[in-house]
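> Could you work out the structure for the sequence below:
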Amino acid sequence: MEIQIPAIPAGVLTLLAFFSPFAIALINHPTWPSGSKRIVSIVVSVVLAAIVLVLYFVMTGDVVPHWPVFVLLAIVVQQAAYALILKTSAKNIEGKYGAH
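Numbering: from 1, shown residues only. Prediction:
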């Protein structure tokens, strides 16, 4: 099986996914259960992937082949960025500025 994803949208998605934990922290409320926070996280990742796909289509007129894989990539990169790098700083933002 060969999966081809254009490099530019994948790079843009990766860069934006590193900032998405902070956006998610602004949406989340500190008292919400972890299941609700995960749902918000996945929805933000899918919306982010959709934005990148739409921008790619507008700029090139071409659809990203294997776009479901692209959406899964968005979820994986965002979750990895949160778990490995940005967890403490995102939690601080959630505690200070989260939805009240």
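> Centroid-nearest residue for this protein?
Closest residue to the average C-alpha location of the chain: Ser45 at 3.0 Å, with CA atoms, centre = their mean.
> Model confidence for that residue, exactly?
For Ser45, the model assigns a pLDDT of 88.
> And Ala83, by the same measure?
80.
> for the one 10 residues further on, same thing?
Ile93 carries a pLDDT value of 76.
> Which of the helices or strands spans it?
Per DSSP states H and E, Ile93 falls inside helix 87-97.
> Give me the packing partners of that helix, helices and strands only.
Judged by 3 or more CB pairs under 8 Å, 6 or more residues apart in numbering; DSSP states H and E, helix 87-97 is in contact with helix 7-27. Using the backbone N, CA and C atoms, a C-beta is placed for each residue, glycine as well.
> Alpha carbons of the helix it packs on, as PDB, please.
C-alpha atoms of helix 7-27 as PDB (Å, rounded to 0.1, in the frame of the first residue of the first chain):
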ATOM      1  CA  ALA A   7       4.600  17.700   1.700                       C
ATOM      2  CA  ILE A   8       3.500  21.300   2.000                       C
ATOM      3  CA  PRO A   9       0.000  20.700   3.500                       C
ATOM      4  CA  ALA A  10       1.600  18.100   5.800                       C
ATOM      5  CA  GLY A  11       4.200  20.600   6.900                       C
ATOM      6  CA  VAL A  12       1.600  23.400   7.500                       C
ATOM      7  CA  LEU A  13      -0.600  20.900   9.400                       C
ATOM      8  CA  THR A  14       2.300  19.900  11.600                       C
ATOM      9  CA  LEU A  15       3.200  23.500  12.400                       C
ATOM     10  CA  LEU A  16      -0.300  24.400  13.300                       C
ATOM     11  CA  ALA A  17      -0.800  21.200  15.300                       C
ATOM     12  CA  PHE A  18       2.000  22.300  17.600                       C
ATOM     13  CA  PHE A  19      -0.100  25.400  18.500                       C
ATOM     14  CA  SER A  20      -3.400  23.700  18.800                       C
ATOM     15  CA  PRO A  21      -2.900  22.400  22.400                       C
ATOM     16  CA  PHE A  22      -2.900  26.100  23.500                       C
ATOM     17  CA  ALA A  23      -6.200  26.800  21.600                       C
ATOM     18  CA  ILE A  24      -7.700  23.600  23.100                       C
ATOM     19  CA  ALA A  25      -6.500  24.800  26.600                       C
ATOM     20  CA  LEU A  26      -8.400  28.100  26.000                       C
ATOM     21  CA  ILE A  27     -11.600  26.200  25.200                       C
END
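> No further queries at this time; thank you.
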